[in-house]
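[1] I would like the atomic coordinates for the input below:
(one chain, ligands or ions: 2)
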Amino acid sequence: MSFFLPERVECNGDIFKVFINKDQIDARLSLLGEQIDKEYEGLKPIFIGVLNGSYIFLADLMRNVSIPCEVDFMKLSSYGDAKVSSGNVTELKHIDAKLKGRHVILVEDIIDTGLSMKYMVERMAEYEPASVKVVTLLHKKEATRHDVQIDYVGFEIPNKFVLGYGLDYAQEGRNLAQIYAISDKDS
Ligand code: IMP
Ligand code: MG
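    Numbering: from 1, shown residues only. Ligands and ions are numbered 1, 2, ... in the order given. Reported below is the predicted structural model:
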């Protein structure tokens, strides 16, 4: 499949430039898939994607995993349409799968303050899974204030607003095939 891969995009009046390109994403996901294959051999893990942001990363990550695995989704809302977290987590969709005794891999698009993932990990404990690990495509280490375990990271990134590959700005831009970072309008 061929994708539209612009160097620069405009979204909601802001300019974004390519920050992690398609080849870099593909190469990293291939390595993450290999790692999960090795560590979960014989365990049939279940990926729990955090909607909406994780759906593209999760779809590509799963296609890089070759062992038997399952998927379900949970939906959280903490940002509204803003670029800065409101600090509250609301659960908009619960998990349907039975997680008791299962090996759960939580999948996030990005860990920023860590609030959403901290919530997810604590929530998982209530389902009594056999294990819980966390995979995130992006991690803004400098912005992370909540104490969260992160087992697999696609890319550590600086504290900049990013867009594309599932990540949105006021719900737009999720369809971009690469990851873009916000830039000054003049640069
Ligand atoms: P946290 O709870 O502060 O860690 O924020 C996590 C959620 O905020 C992610 O799942 C994203 O949906 C959203 N988010 C954080 N940073 C960005 C960004 O730079 N671009 C788009 N969404 C973001
Ligand atoms: Mg999200």
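[2] can you pull out the strands in the chain?
    8-11, 14-20, 46-51, 70-77, 90-93, 103-111, 131-139, 152-156, 162-163, 179-183 (DSSP state E).
[3] Find me the pLDDT at Tyr79, would you?
    As predicted, Tyr79 sits at a pLDDT of 57.
[4] rank the strands of the chain by mean pLDDT and give me the bottom one.
    Across these, the lowest-scoring stretch is strand 90-93, with a mean of 90.
[5] For the residue sitting nearest the centre point of the chain, which non-adjacent residue is closest in space?
    The centroid of the chain falls nearest to Asp109 when counting by CA atoms, centre = their mean (1.5 Å). Take Asp109 and drop its neighbours on the chain: the residue closest to it by CB to CB, 6 or more residues apart in numbering is Gly53, 3.4 Å away. No exception for glycine: its C-beta is placed from N, CA and C like everyone else's.
[6] Quick one: work out the angle between the longest helix along the chain and strand 152-156.
    In the chain, with assignment by DSSP state H, the single longest helix is helix 22-39. On the basis of axes from the mean of the first three to the mean of the last three CA atoms, to 10 degrees, helix 22-39 is oriented at 160 degrees to strand 152-156.
[7] Quote the end-to-end distance of stretch 93-110.
    This stretch, stretch 93-110, spans 19 Å end to end (CA to CA, to the nearest Å).
[8] Okay, buried residues for that stretch please.
    Residues of stretch 93-110 classed as buried by neighbour count (16 or more other CB atoms under 10 Å): Ile95, Leu99, Arg102, His103, Val104, Ile105, Leu106, Val107, Glu108, Asp109, Ile110.
[9] Test my guess that Tyr127 contacts Leu106.
    No - between Tyr127 and Leu106 there is no contact under CB atoms under 8 Å: 11.6 Å.
[10] Check the burial of Gly164 by counting its neighbours.
    25 (other CB atoms under 10 Å).
[11] Who's the closest spatial neighbour of it, skipping the chain neighbours?
    Leu176 (3.2 Å).
[12] That neighbour and Val9, how far apart?
    6 Å (CB to CB, to the nearest Å).
[13] now do Glu108
    23 Å.
[14] just Gln24 next, same as before
    For Gln24 relative to Val9 (CB to CB), the value is 17 Å.
[15] thought Val18 was touching Gln178?
    Yes - counting by CB under 8 Å, Gln178 is a contact partner of Val18 at 5.3 Å.
[16] Find the residues that touch each one of the two.
    The overlap between the contact sets of Val18 and Gln178 (CB atoms under 8 Å, 6 or more residues apart in numbering) consists of Leu5.
[17] Looking only at neighbour counts, state which of those two leads.
    Each of Val18 and Gln178 has its neighbours counted (other CB under 10 Å); Gln178 has more, 22 against 18.
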